[in-house]
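Trainee: Next comes the sequence, and after it the predicted model I'd like to discuss.
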Amino acid sequence: MFDKPNKDDVVGAIAAVTDNACQSAANDRRRAINYYGQTVHLDPKFPRHLAEAIEETHRRWLTEALEVLARFIGQVDATPKDLTACVRPLLTKMAKTMADEIRGETHGKAWAVTTEYAASFGKRVDHALREFELGRIDGVPVEVGTSAATATSSRGPTSGPDYVSMERLQGLRAIKSLDFDLSKLIRLCEELNSNYSAGNFFSIAILVRAIVDHVPPIFSASKFEEVRANHGRRSFKEQMDYLDKSSRKMADEFLHGQVRRKEVLPTSASIHFAPALDTLLGEVIAKLAK
């Protein structure tokens with residue numbers, strides 16, 4: 001007989017989501033700094049630009065966390081209010097950590113913007129948890145036993161962006177290279193989008209890993225470790241390090257992990273490599289478009 005999940009399982013599942021959320025906010029900050037370059041300390045628009053990016057990231061990951069939480073309704077001996085009490089500290093800490101990414105050490109005005117958005121994030125968490133206790137996520141009723149994948153699909157195909165943006169796919173399709181045939185890379189990206197849309201989250205990590213292993217020759221490298229070590233600026237290297245190590249571990253677990261007494265299925269939050277993958281594909285396009 002399989003053991004029923006308990007509150008420790010709930011906390012563990014939500015902690016995985018919040019860790020990914022904080023990493024995503026850190027990636028937002030690195031991309032913004034990379035975009036502004038040497039003017040980042042001087043441009044008064046930077047803190048607000050960064051805050052808006054992280055606000056959208058916070059909104060998306062909070063929804064992901066609640067969808068994961070919804071999977072435990074009816075499985076854990078706890079009411080929705082008990083469940084929200086378990087995860088509130090994690091979600092509060094996530095909001096603070098993400099808001100702190102706005103401040104950093106980049107601009108004096110960032111302190112005021114951080115305070116503003118930290119308050120906004122905190123209010124969003126409070127409101128979302130109250131809604132969850134009433135049986136709703138983003139206004140959509142949550143049925144007992146509803147999985148995260150089902151909850152996501154109930155929002156329809158326009159609930160979120162593709163895993164690989166159409167801009168990146170179009171950029172890859174437009175390249176005419178005499179040295180590299182990109183048809184496989186393009187097809188891998190297309191399959192990422194179709195599997196992500198269908199909620200086939202095991203497939204996502206495996207496809208991301210396939211792309212990471214596929215592209216090194218474009219960077220005059222034989223393996224991805226050489227790409228992350230020798231190409232791009234520090235922010236690029238950091239993102240590639242995360243993409244390489246995290247996707248490898250997850251793909252290996254999905255491919256080779258053996259059956260257990262209790263399984264925790266992946267959600268869209270679990271396989272969130274999209275920002276780092278987008279950066280990698282952008283570099284592929286920039287390199288081959290020269």
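Mentor: Arrived safely, thanks for sending.
Trainee: mind checking the backbone torsions on L182?
Mentor: Dihedral angles of L182 (phi, psi; degrees, to the nearest 10) stand at phi -90, psi 10.
Trainee: Setting aside sequence neighbours, what's the nearest residue to it?
Mentor: Excluding the flanking residues, the one nearest L182 by Cβ to Cβ, 6 or more residues apart in numbering is L172, at 5.6 Å. (Each C-beta comes from the backbone N, C-alpha and C, glycine too.)
Trainee: State the distance from the one you found to S203.
Mentor: 20 Å (Cβ to Cβ, to the nearest Å).
Trainee: F121 now?
Mentor: Remark: distance between F121 and S203 (Cβ to Cβ) = 32 Å.
Trainee: Please identify which of those two sits among more neighbours.
Mentor: Per other Cβ atoms under 10 Å, whichever of F121 and S203 has more neighbours is F121, with 23 against 18.
Trainee: Measure how buried the nearest residue to that one once chain neighbours are set aside is and give me the count.
Mentor: Nearest in space to F121, with sequence neighbours left out and distances taken as Cβ to Cβ, 6+ apart, is A95 at 3.7 Å. A95 has 26 neighbouring residues, counting by other Cβ under 10 Å.
Trainee: again, but for G37
Mentor: Using other Cβ under 10 Å, G37 has 9 neighbouring residues.
Trainee: Would you agree R88 is in contact with F132?
Mentor: No - counting by Cβ atoms under 8 Å, R88 sits too far from F132 to count as a contact (10.5 Å).
Trainee: more crowded one of those two?
Mentor: When R88 and F132 are compared for neighbours, F132 comes out ahead with 21 against 14, by other Cβ under 10 Å.
Trainee: For the stretch 101-250 of the chain, which segments count as strands?
Mentor: For the stretch 101-250 of the chain, strands defined by DSSP state E, counting those that start in this stretch occupy the ranges 136-137, 140-141.
Trainee: For those strands, which has the smallest mean pLDDT value?
Mentor: Least confidently modelled of the strands of the stretch 101-250 of the chain is strand 140-141, at a mean of 80 by mean pLDDT.
Trainee: In this model R29 seems to touch Q239, though I could be wrong.
Mentor: No - with contact defined as Cβ under 8 Å, Q239 does not count as touching R29 (11.3 Å).
Trainee: the more surrounded of the two?
Mentor: The residue with more neighbours, out of Q239 and R29, is Q239; 26 against 20, by other Cβ under 10 Å.
Trainee: Which parts of the protein are helices?
Mentor: For the chain, the helices defined by DSSP state H occupy 7-36, 46-70, 80-103, 110-133, 148-153, 166-174, 183-198, 201-214, 224-230, 234-256, 274-288.
Trainee: export the ones you listed to a markdown table and tack on mean pLDDT and distance to P266?
Mentor: Shown next, in a markdown table, are the helices of the chain (pLDDT from 0 to 100; distance: least, Cβ to Cβ, whole Å):
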| stretch | mean pLDDT | distance to P266 |
| --- | --- | --- |
| helix 7-36 | 86 | 10 |
| helix 46-70 | 88 | 10 |
| helix 80-103 | 93 | 18 |
| helix 110-133 | 91 | 21 |
| helix 148-153 | 40 | 9 |
| helix 166-174 | 90 | 23 |
| helix 183-198 | 91 | 12 |
| helix 201-214 | 95 | 4 |
| helix 224-230 | 94 | 22 |
| helix 234-256 | 90 | 8 |
| helix 274-288 | 93 | 14 |
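Trainee: which stretch among those comes nearest G139?
Mentor: Closest of the helices of the chain to G139 is helix 110-133, at 7.6 Å (criterion: Cβ to Cβ).
Trainee: Tell me the buried residues in the closest one?
Mentor: Under the neighbour-count criterion of 16 or more other Cβ atoms under 10 Å, helix 110-133 has 110, 113-114, 117-118, 121, 124-125, 128-129, 131-132 buried.
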